[in-house]
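**Student:** Compute the structure for the input listed below.
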Amino acid sequence: MNFAQANVNPACCKIVPLRLPEKLGNLALHLIERIEIMAKFYEPDMGQDPNNPFARDADGKLARRSYWLDMADRSIVLMMTQGLGQALSNEQKRLHLEDIGRGHLTADICTVEILPPEE
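**Tutor:** Okay, the predicted model is just below:
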């Protein structure tokens, strides 16, 4: 199966080596790889809001990139925590911040999820 058949944007994926137990021997296992699919970028409903700043084109590139690049860091933090970005998951926020070159704001924007202890 390729990216098109899986309906996955290759920009949202990375290929990582598959780690297998040593018992399997040296059968050129270093050539075997698996695809780790990461969270996709947020995809807004363009019918409801055609000017959404999170809109992306068919290639997955941010359509209103200048909107984000013209904003100060503090404005982006407010937008992502109290504005349109609050509906995004932490992974979608992180991907978006990295895409606009503001990955350093991830700690200020993404909330820490505390999981209950396993019993």
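
**Student:** Tell me the first helix or strand C-terminal of the least confident helix or strand in the chain by mean pLDDT.
**Tutor:** Least confident helix or strand of the chain, by mean pLDDT, DSSP states H and E, is strand 33-37 with a mean of 36. Per DSSP states H and E, the first helix or strand lying C-terminal to strand 33-37 is helix 65-69.

**Student:** what sits against the residue nearest to N90 when sequence neighbours are not counted?
**Tutor:** Counting by Cβ to Cβ, 6 or more residues apart in numbering, C110 is the residue found nearest to N90 once chain neighbours are left out, at 4.3 Å. (Each C-beta comes from the backbone N, C-alpha and C, glycine too.) Applying Cβ atoms under 8 Å, 6 or more residues apart in numbering to C110 gives the contacts N90, K93, R94.

**Student:** low-scoring stretches of this protein, by residue?
**Tutor:** The chain contains residues with pLDDT under 70 at 1-39, 113.

**Student:** Now do the domain split for it, please.
**Tutor:** 1-38, 41-119 (automatic domain parsing).
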